Structures are given as structure tokens and as C-alpha cells.
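> got a sequence here, can you model it:
(2 chains)
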Amino acid sequence: MSKRIPGLEAFLRKALWRGACILLLTFATGGFATEAVRKSFDIPADAAEKSLRRFSAQSGVQIIFPTEVVRGVQTRAIKGLLTNREALERMISGTVLKVVHDEKTGALTVARRRP
Amino acid sequence: MKGRCLFPDQERIDAAAAEWIGRRDLGLSKAEEAELEQWAAADTRHREALARFEAAWSSLGRPLQTGMASSLAQELSRLRNRRRRVGSVGAVATVLLFLGIVWSIQRWPEPDLPSPMIVLMPERRTLPDGSVVEFPTGTDFSVEFTEDVRQVKLVGGEVHFQVMKDPTRPFRVTAAGIGVNAVGTAFAVHLSSGAVEILVTEGRVAVDQSVSTEETGKATPKNLATIDAGNRIVMETPGAAVESPSPTILPVPAGEMSERLAWRAPRVEFSGTPLTEVVDFLNRYNSVKFLIVDPALGSTALSGLFRIGDTDAFARMLEKGFGVSTERRGQQILLKKAPQT
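Numbering: from 1, shown residues only, chains lettered A, B, ... in the order given. Predicted coordinates for the structure are as follows:
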């Protein structure tokens, strides 16, 4: 028997009701949006498996990828006021990775470039 | 989690109980077991708190890093106990009228997780007037309510405020010489090393800046801008003596708003976690359930950071990045291996 955590569901419901429309906007498009919105980024050079998660935490963009795809890849450091696209492209420039962006949900995944 | 609490007794007990449950999961020595038994026996509230966290812990179903589990369990119990706590607000409010209280929350360590998942939730507190503050761990601010004004001083980090209406007592947030005034509204203030950013999610705020005048040397607030919901401003923070030019008010479209305040939504972070585990976890919190049809998919290791409630995006990203084909069937999303092309 696995019980749900009532607090978390209530939190999700309450957040919806809060009228600030934050969770309703969760499903709106975002990510590599059309306007050039700049945010402050600071991610040191690191294994891609870790730095891509850091990118998600700092940009607010959801990311999910097969752990195997990024094995052995190091990303570049990024720092300063950048758009999401600028930040991510700078991070993976010179690596075997490319970004795959979902227009509808704004979420990201990465794939290995074909040699 | 270090820091003095707004409602000392219950929060202290909850924090201790959560720690004990987390530690017990990692294994206790004989001496520690005796210590736990002693603590449980000391007060009926201790046993009650332990029972509550035991329930939450077992429904989580897997060990999490102790520090995270404590904060998570704390937050969940706080949400459940919110109604109970409002009753004690009156007594605490009197004490707070003439005190400044500093919230100083330790930063969570950077996760370096082999398999377990981490739930990321914002911290949340209710202020004595009923206003709600939400903030990512690591934010530092102090609450100074007096008879005339409800003041919060932001020292560093980001806070979202949901302000209770009280026309007799303005609600004012200060950050690096910038002041944000609200009557009853919702907005976020972010203070980083170089700038103050204010984003309004509901209602309207008036922003001022304290500028020292040459004659008196005293800093008086000078009105800068009024910001309505769906807008934000960014102001660089020079010294208090230098005036900022009138800041540009920037509209914030819906998608950008959810990105900027993404930390407010409950999210899960995973690193090398098998798909079966991620699916089990998501299925606990969503009415739409994932079902892995091709068993071979189950062992695929996932990494990422995702909103727990966003099953649609999760399904789409599995298609785009994992060679999965998804099929929606009522309240289920079936996951199959996509045919190789």
C-alpha cells in the first residue's frame, strides 16, 4: 500500500487557487521563447550530467535526457546576463551534444550529434 | 535547517522528528536508539510528530538525502498544520511587534546523486498578519513588523510575497535601498549582487528608492515607478547616494513568468534514475498515470529536472529524447519503444 503525501497534493491544489496563476502558467510555452529574455547565469565548467541540471535550476526550463547520452561530456562555464538559448549553446559549444527543444511545452532534451 | 523559527515550539518539534525519521532510515546505533526513545517519551507532541513523519516517510518509499528529507517533511507538515498554527499567531504577533527576526537558511549542497531523486520545493512561511512568503532555500531576509508598518528587509536571494490586505498598515519590502510598497497584492523581489528585480504577479506595487540628500545626508524615499501585475523592473544597485534613472517597466508574458518563478512549483530532480522509479514517483502525485508497456524501457537511466505535475511535457520529452512512443488512453499514458526507422 503506497500512500500519497497529502501535503504535496494540497500544495499543488493551493498553488493553483492562489490566483497568481503561477501553476496555470506552468503549461504555457516557454524555454527558447521568441523574445530575447536575459537572466543571470553562473554555472562552472563541469560534467554535462550535472551542469545541465544546474542550467534547468537557473533558467527555470525543464530538461530531461538519457544519462547515457551525456557520458564523458564536459560543458563550458557560463556566467552573466544571457538568454536561455545563449547560455545553453555556450555551454555545449565544441561538444558532441545538441539541444532538442519542444515548442509546445518549452522543455528540453539533448542528443549526440551524428559524427 | 538552521535558523530561528517564527513559531518555535511546534516547528522545533517537527524539525527534530523529521531529523529522527531520516536518521533512523540510515541506521541508528544502540546509543542513538536510546536517545530517540528518550526524546519520544519526553513529550506526547514528540511521539505525535514522529508518527506523522513516519507516515510521510513510508509513502515516499525510498531514502532521500537526510537534509532534504527533513526539509521536505517539515514543509509538508507545515502545510498540513497551517490551520492549527493561525490560532497561535496572535500571541506571537505581539512579541514580533518590537523584534526583528532574521531568517538565515543554510544552502542545500549541490546534489551529486547516484540514484535517488530529490524533490525541490520552496520554503514557505506565514507572517504574523497572515501574509505568505515563499522563497528558495538560501534566501536571507528579516521581518520587522511594527504598529505602523509591516516591513521585510531582503538581504539576499529571492522571495515571493502574498500580502494580506491591511489599509491601516502598509506592507513594505526593502532591498539595497529600493523599497516596494503594497497594500494587498502578490509580487516577487530578487536581490542579487548587482541588481534588484521586482516582478508583480497580482495587484500593484509602488517602488521607491532611498536617496541621500546632500543637505541633510538623510536618505528619503523617492518614488520611482508603479508596477502592475504581469510586469517587472530591474534596477542596478549602485550606492544609495546615486539615483537610478527611471527604470523601464517590462511586460512579462505567461511563459516567461512561469520560467522566472519556476522555483515556486514543486519539481523533482533525478540523476541516473531508472525510468520505472521516475514513473512510480510521478504516478503518486498525478491523476494521469504513466504505464511502461515495453519492459526493456524500464531500466533506461534518466537525468533532469522537471515539474512534478507536468505529465504532458514529460511524455513529449520521452518521445523526443528517448525513442519512446506514447499513447494516451483515458487517464493513462502508455510508454512503448518507438519502432527503429
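> okay, the residue nearest to the spatial centre of chain B: pLDDT?
Nearest to the mean C-alpha position of chain B, counting by Cα atoms, centre = their mean, stands B:Pro122 at 1.0 Å. Looking at B:Pro122, its pLDDT reads 91.
> what number of residues lie near A:Thr75?
26 (other Cβ atoms under 10 Å in any protein chain shown). Glycine gets a C-beta too; all of them are placed from N, C-alpha and C.
> next: the one 4 residues further on.
Applying other Cβ under 10 Å, we find 12 other residues in the vicinity of A:Lys79.
> ok, what's across the strand from it?
Beta-bridge pairing for A:Lys79 (DSSP bridges): A:Asp42.
> mind listing what it touches?
Shown in contact with A:Lys79 (Cβ atoms under 8 Å, 6 or more residues apart in numbering or on different chains): A:41-43.
> okay, and the helix or strand of chain A with the least pLDDT?
Least confident helix or strand of chain A, by mean pLDDT, DSSP states H and E, is helix A:6-17 with a mean of 60.
> ok, back up a step: could you measure the residue nearest to the centre of chain B against chain A, distance?
B:Pro122 is 10 Å from chain A, where distance means Cβ to the nearest Cβ, to the nearest Å.
> tell me who's in contact with the residue nearest to that residue when sequence neighbours are not counted.
Once flanking residues are discounted, B:Pro122 sits nearest to B:Glu134: 4.6 Å by Cβ to Cβ, 6 or more residues apart in numbering or on different chains. Residues near B:Glu134 by Cβ under 8 Å, 6+ apart: B:122-124, B:159-160, B:162, B:264.
> I'd like the next helix or strand past the host helix or strand of B:Glu134.
Per DSSP states H and E, B:Glu134 falls inside strand B:132-135. Moving toward the C-terminus from strand B:132-135, the next helix or strand (DSSP H and E) is strand B:140-145.
> and the helices in the chain?
No chain was given, so I picked chain A. Here chain A has its helices, by DSSP state H, at A:6-17, A:48-59, A:84-92.
> please refer instead to chain B.
Counting by DSSP H, the helices of chain B are B:8-26, B:30-42, B:44-60, B:66-86, B:89-96, B:254-260, B:275-285, B:311-322.
> worst average pLDDT in those helices?
helix B:89-96 (a mean of 36).
> so where is the stretch 151-300 of chain B shaky, pLDDT-wise?
For the stretch 151-300 of chain B, applying pLDDT under 70 flags the ranges B:212-217, B:238-245.
> which residue does it bring closest to chain A?
Residue of the stretch 151-300 of chain B nearest chain A, by Cβ to the nearest Cβ: B:Ala262 (3.1 Å).
> residues in contact with that residue?
Taking Cβ under 8 Å, 6+ apart, one finds A:59-61, B:307 in contact with B:Ala262.
> compare these and tell me which is most surrounded.
Neighbour max across the contacts of B:Ala262 (other Cβ under 10 Å) = A:Ser59, 27 neighbours.
> quick one: contacts for it?
A:39, A:41, A:84, A:87-88, B:259, B:262.
> just put those in CSV and tack on distance to B:Val143.
Formatted as CSV, the contacts of A:Ser59 follow (distance: Cβ to Cβ, whole Å):
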residue, distance to B:Val143
A:Lys39, 28
A:Phe41, 30
A:Asn84, 34
A:Ala87, 34
A:Leu88, 38
B:Glu259, 28
B:Ala262, 25
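> neighbour-wise, give me the winner out of those.
Greatest neighbour count in the contacts of A:Ser59, by other Cβ under 10 Å, goes to A:Leu88: 28 neighbours.
> and the closest residue to that residue other than its chain neighbours, how many neighbours?
Of all residues not flanking A:Leu88 in the chain, A:Val99 sits nearest, at 5.7 Å (Cβ to Cβ, 6+ apart). A:Val99 has 19 neighbours, counted by other Cβ under 10 Å.
> distance-wise, check B:Ile227 relative to B:Asp129.
Using Cβ to Cβ, to the nearest Å, B:Ile227 is found at 22 Å from B:Asp129.
> compare those two and say which is more crowded by neighbours.
Between B:Ile227 and B:Asp129, counting by other Cβ under 10 Å, B:Ile227 is the more crowded of the two (23 against 16).
> contact partners for that one?
Counting by Cβ under 8 Å, 6+ apart, B:Ile227 has contacts B:187, B:198, B:200, B:204-205, B:207, B:233, B:249.
> ditto for A:Leu108
A:31-32, A:56, A:61-64, A:88, A:99-102, B:317.
> once you drop chain neighbours, what's closest to it?
Nearest to A:Leu108 is A:Ile63, by Cβ to Cβ, 6+ apart, at 4.5 Å.
> run through the bridge partners of the nearest residue in space to B:Val205 that is not next to it in sequence.
Closest residue to B:Val205 in three dimensions, ignoring its sequence neighbours and counting by Cβ to Cβ, 6+ apart: B:Ala182, at 4.7 Å. When bridges are called by DSSP bridges, B:Ala182 pairs up with B:Phe171.
> give the buried residues for stretch A:105-115.
Residues of stretch A:105-115 classed as buried: A:105-111 (neighbour count, 16 or more other Cβ atoms under 10 Å in any protein chain shown).
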